[in-house]
Each structure stands twice: as structure tokens, then as C-alpha cells.
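Chemist: Give me a model of this one.
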Amino acid sequence: MNVYSKRRKELLNSIETDGTVVLFSGLSINKSEDESYPFSVNRNFYYLTGLEEESMVLVLNKVGNDTREYLFILPYDEYMAKWVGGRILKEDAEKISEISNINDYEDFPSFMASIFNRYRHNDEHKLYLDLWHYDANQALTPALNFAKDVKEKHPAVEIKDIYSKICKMRLVKDEYEISCIKKAIHITNAGIKKMMALIKDGVNEMTLEGLFNFVLAQNLCKNTAFDTICAGGKRATILHYHDNNQKLHDGEMFLCDLGATYKNYCADISRTFPVNGKFSDRQKEIYEVVLKAQKIVEENAKPGITLRQLNQMVVDFYKEELPKHGLNKDVSEYYFHGVSHYLGLDTHDVGSGMPITLEKGNVITNEPGLYIEDEGLGIRIEDDLLITDDGCEVLSIEIPKSIEDIEKVANR
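Modeler: All right, here's what the predicted structure looks like:
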């Protein structure tokens with residue numbers, strides 16, 4: 001039994017009543033004419049199958065102690081294989097997912113109709129869908145469209161949301177997941193070191209982003225975890241700056257917030273370093289304050305603590321510390337984001353923003369910052385932490401962070 005089989009078994013065991021779970025891999029979205037946006041698999045589907053192609057459906061059925069698994073995929077198309085490459089074969093899908101009952105995608109509607117008919121006299125039987133929806137303006141997901149169709153054609157079927165149960169599982173990473181995150185961080189480290197070594201006066205932010213992407217490609221990493229932030233000088237005070245198209249100048253600091261992926265697991269790292277390879281006295285002063293704030297989080301991140309509590313520790317520290325450095329406005333003028341979020345298959349992984357306490361196996365970020373717009377100085381230092389029995393492990397320990405180490409890499 002592989003990791004995906006174990007997860008499906010755990011999910012079914014968490015369902016209190018008889019029911020059918022349906023999860024969709026997702027659909028590609030048309031961009032223009034015959035071009036589509038790059039497809040990105042639904043992470044909950046991937047978590048339970050290991051498959052990442054579009055137009056797939058996972059069906060898990062539970063009646064008493066009897067559980068059955070079904071997978072619906074598009075059939076192999078010889079003609080299209082010559083144009084865009086072949087879709088996954090049934091035997092390959094079975095090998096990855098360990099689901100033996102694999103059917104054609106077009107048979108899914110009739111199969112579900114038979115399920116609804118078979119259990120129409122069983123009041124305990126529920127339909128479980130991933131009804132996640134980020135905001136009101138977001139396009140409907142395949143699951144939400146399916147829910148609408150079921151309500152119209154089978155109004156007696158009771159629909160329940162399975163999202164929270166999968167989230168609870170995803171929050172606690174197993175050894176395989178931790179190894180994937182470590183690999184993503186290792187690749188990210190190589191990219192950041194390349195940027196540190198080659199940054200200089202006159203270099204464009206976009207060039208440094210390209211260097212990072214080149215190192216990812218060298219490591220067979222196709223996707224970044226999120227849109228890379230490369231910001232010099234005053235632009236580093238913009239939290240989610242994405243233009244990445246301005247020249248860097250001697251005397252400025254450069255902030256990068258970025259991450260590689262491995263097997264869809266994300267790294268999320270921020271580093272800030274001088275364009276000329278040498279910190280000024282003022283840059284050192286503010287940088288050390290952010291380092292101290294990060295150390296507070298590192299020393300207090302453990303089971304039983306919430307992300308909100310960790311953030312408040314940073315705010316309380318800044319209230320005492322910032323006036324010593326001539327920063328006399330309210331803390332929110334210099335620091336206006338949270339210090340942490342969960343990390344995994346998504347950069348802002350499931351659990352982020354929820355008032356839940358940390359537990360062993362969680363992976364979170366540690367990213368305090370200070371943004372002083374009138375000085376053109378933005379500093380953020382971010383590492384990724386694994387929560388252990390009584391504390392945390394810094395997974396990104398290898399990435400240069402101290403002033404001494406950064407200057408050593410920048411001036412080698």
C-alpha cells in the first residue's frame with residue numbers, strides 16, 4: 001500500500017456515515033484562440049492519487065465496512081499524442097495511484113447516476129465534495145458545478161463538504177512530504193546563492209529572476225512555488241511587488257521572496273542583501289532587528305502555539321525595539337503582515353488564517369520584516385520551519401542569512 005492508498009483509507013475512516021467522495025483533478029482554462037493557461041492540478045486530488053493530469057475524477061465509496069475506489073480518466077488518443085503527447089495510460093495511472101478500477105471519463109455521469117439510484121433508500125448515504133471557494137468572484141470549480149447539477153437532477157441527495165477533513169490530514173506532513181519540501185528548499189538555496197554571487201550595480205531585477213529560474217531548470221524544476229518577488233530599494237517596501245523590471249543601484253538593498261517546487265511541494269524563502277555586496281551601518285542595524293524578531297519566532301514555535309500568538313510576539317518586540325532605532329511611528333507603519341503561514345502543496349497551505357494550534361508535523365514559514373519607505377529600505381527574512389515534539393527544526397538552515405555569510409557569498 002503506497003502513501004496515496006493510505007491517505008484514501010484514512011479519509012474514508014474519518015467519514016462517520018456511509019457516503020461517496022468525489023474529487024476532481026481540474027480542467028485546463030483557455031487563454032486565447034487555441035492556447036490554454038498552464039494546467040495546475042487540484043492539490044487535494046493530487047494528495048490522494050499522485051496524479052496531476054486534467055479531466056480526472058476520483059470516486060471513493062463507503063457502505064459499512066465495504067470501501068471501493070474508482071478513477072475516471074480521458075482515454076488515450078493516438079492522434080492527439082502526435083501533436084501534444086499522449087495522455088496517461090490506465091496501467092500507468094494504476095501504478096501511481098494504486099487504484100485498479102479505472103474507467104473512461106465520459107462514463108462518470110452515468111456511474112454517479114447509478115450510485116444515487118442504488119442508495120436512494122439509504123438516508124445515511126451522503127455525497128462528499130470538495131466545496132472550497134476562495135472568494136465570490138472566483139470561477140466555479142468542477143466540484144461546485146457538479147454540486148449544482150446534482151441538486152437539480154437529484155434533489156434528495158445530501159451533499160457534504162469534505163474539504164475540512166482533507167485539510168486536517170494535509171496539515172500534518174509525513175516523512176515523504178517533508179523530504180519533498182527539503183528538496184524544494186535545497187533547489188531554492190542554489191538559486192539564491194547564484195543571485196547573491198552575481199548581483200551588482202546596474203543589474204535589472206528581471207535578470208536576477210532569470211538567474212533563479214535558470215538554476216531551477218538546471219535542477220529539473222519546472223515551476224516556481226509562486227510568482228517570484230525581486231525588489232530593489234524602495235520597491236522592497238511593497239509587500240507583493242511583482243514588476244521585477246527595474247535596475248538596481250549601488251547602496252540599495254535587494255529583497256527576494258521566492259521558492260522552487262518538488263513533486264508539487266513548495267519552498268517559500270525570503271532573503272535581503274546589498275546590491276554592492278556590503279551592508280552599510282544602517283542596513284546592518286535594521287537587518288539585525290529583523291533577525292532578532294525571526295529568532296523569537298524560531299524559539300517559540302512549538303505544539304500548542306498559534307500563528308497569531310507568534311505574530312503578536314514579533315509585534316511586542318518591535319514596539320520595544322523600533323524606537324531605539326529612530327522608528328517612532330506605530331509598528332503597523334513598518335510591519336503590516338503576519339509572521340507565518342502553513343506551507344506544503346500550496347505556498348499558503350491549508351490551515352493558514354485558521355485559529356488552530358500548531359502540532360508536530362506542521363510546516364510553517366517564519367518571515368518577519370521591516371519596511372521603511374522614507375529610507376527606501378525593505379527587509380524580510382524568511383525560513384521554513386518543521387514543528388517537532390517540543391519545538392521546531394529550521395528546514396532552510398543551509399541558505400545564507402547572517403550578515404557575515406551573505407557578504408562572504410556576495411564577494412567570493
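
Chemist: Excluding chain neighbours, what is closest to residue 167?
Modeler: Spatial nearest neighbour of residue 167, excluding adjacent residues (CB to CB, 6 or more residues apart in numbering): residue 350 at 4.0 Å. All C-beta spots, glycine's among them, are computed from the backbone N, C-alpha and C.

Chemist: Likewise for residue 315?
Modeler: Nearest to residue 315 is residue 331, by CB to CB, 6+ apart, at 5.6 Å.

Chemist: number of nearby residues for that neighbour?
Modeler: 17 (other CB atoms under 10 Å).

Chemist: any idea of the pLDDT on it?
Modeler: In this prediction, residue 331 carries a pLDDT score of 97.

Chemist: ok, now which ones touch it?
Modeler: 315, 318-319, 322 (CB atoms under 8 Å, 6 or more residues apart in numbering).

Chemist: ok, it to residue 298 distance?
Modeler: 20 Å (CB to CB, to the nearest Å).

Chemist: tell me which element residue 122 is part of?
Modeler: Using DSSP states H and E, residue 122 maps to neither a helix nor a strand.

Chemist: how about the nearest residue to it, chain neighbours excluded?
Modeler: Residue 122's closest residue in space is residue 18 (CB to CB, 6+ apart), at 6.1 Å.

Chemist: List the residues that contact that neighbour.
Modeler: Applying CB under 8 Å, 6+ apart, the residues near residue 18 are 62-64, 119, 122, 124-126.

Chemist: Equivalent analysis for residue 147, please.
Modeler: Neighbours of residue 147 in contact, by CB under 8 Å, 6+ apart: 129, 131, 159.

Chemist: and the second one, helix, strand or coil?
Modeler: Three-state assignment for residue 131 (DSSP: H, G, I helix; E, B strand; the rest coil): coil.

Chemist: that older thread, from the contacts of residue 147, list just the buried residues.
Modeler: Among these, those buried by neighbour count (16 or more other CB atoms under 10 Å) are 129, 159.

Chemist: So which of the contacts of residue 147 is the closest to residue 214?
Modeler: Nearest to residue 214 out of the contacts of residue 147 is residue 131 (CB to CB; 40.2 Å).

Chemist: Not counting sequence-adjacent ones, nearest residue to that closest one?
Modeler: residue 161 is the one closest to residue 131 (CB to CB, 6+ apart), at 4.3 Å.

Chemist: Got the domain ranges for this structure?
Modeler: 3-169, 172-410 (automatic domain parsing).

Chemist: so which of the ones you listed is the most packed in?
Modeler: Mean neighbour count (mean count of other CB atoms under 10 Å) peaks for domain 172-410 among these, with a mean of 19.

Chemist: May I have the distance across that one, first residue to last?
Modeler: Length of domain 172-410, first residue to last, CA to CA, to the nearest Å: 37 Å.

Chemist: Show me the strands in the stretch 51-200 of the chain, by range?
Modeler: Taking DSSP state E, counting those that start in this stretch to define them, one finds strands in the stretch 51-200 of the chain at 57-63, 66-73, 102-104, 126-129, 159-161.

Chemist: right, and the residue nearest to residue 167 touches residue 171 too?
Modeler: Yes. Taking CB atoms under 8 Å as the definition, residue 350 is a contact partner of residue 171 at 6.3 Å.

Chemist: Just the pLDDT at residue 53, thanks.
Modeler: 93.

Chemist: All the helices of the stretch 101-250 of the chain, residue numbers only.
Modeler: 108-118, 142-153, 163-171, 175-198, 205-218 (DSSP state H, counting those that start in this stretch).

Chemist: centre of the chain versus stretch 62-78, how much separation?
Modeler: On the basis of CA atoms, centre = their mean, to the nearest Å, stretch 62-78 is displaced by 27 Å from the centre of the chain it belongs to.

Chemist: got it, and stretch 256-273?
Modeler: With CA atoms, centre = their mean, you get 10 Å for stretch 256-273.

Chemist: for stretch 71-91, how far is the first residue from the last?
Modeler: 12 Å.

Chemist: low pLDDT regions in the chain?
Modeler: The chain contains residues with pLDDT under 70 at 79-86, 412.

Chemist: Now for the residue lying farthest from the centre of it: which residues touch it?
Modeler: Among the C-alpha atoms of the chain, the one most distant from their mean position (CA atoms, centre = their mean) is that of residue 121, at 41.4 Å. By CB under 8 Å, 6+ apart, no residues touch residue 121.

Chemist: picking up where we left off before, kindly reformat the strands of the stretch 51-200 of the chain as TSV containing distance to residue 397.
Modeler: Output for the strands of the stretch 51-200 of the chain, formatted as TSV (distance: least, CB to CB, whole Å):
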stretch	distance to residue 397
strand 57-63	37
strand 66-73	40
strand 102-104	43
strand 126-129	40
strand 159-161	38
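
Chemist: Out of these, which gets nearest to residue 336?
Modeler: Residue 336 lies closest, by CB to CB, to one member of the strands of the stretch 51-200 of the chain: strand 159-161, at 32.4 Å.

Chemist: That closest one pairs with which strands, parallel or anti?
Modeler: Strand 159-161 pairs in its sheet with strand 126-129 (parallel), by DSSP bridges.

Chemist: which residues sit against the strand it pairs with?
Modeler: Applying CB under 8 Å, 6+ apart, the external contacts of strand 126-129 come out as 15, 17-23, 116, 143, 146-147, 150, 157-162.

Chemist: Just give me how far it sits from the chain centre.
Modeler: Strand 126-129 has its C-alpha centroid displaced from the chain centroid by 26 Å (CA atoms, centre = their mean).

Chemist: again, but for stretch 22-37
Modeler: Chain-centre distance of stretch 22-37: 20 Å, with CA atoms, centre = their mean.

Chemist: Quick one: end-to-end distance for that stretch.
Modeler: Stretch 22-37 end-to-end distance (CA to CA) = 25 Å.

Chemist: likewise stretch 112-128?
Modeler: Note: stretch 112-128 ends 12 Å apart using CA to CA.

Chemist: I'm done for today, thanks for sticking with me.
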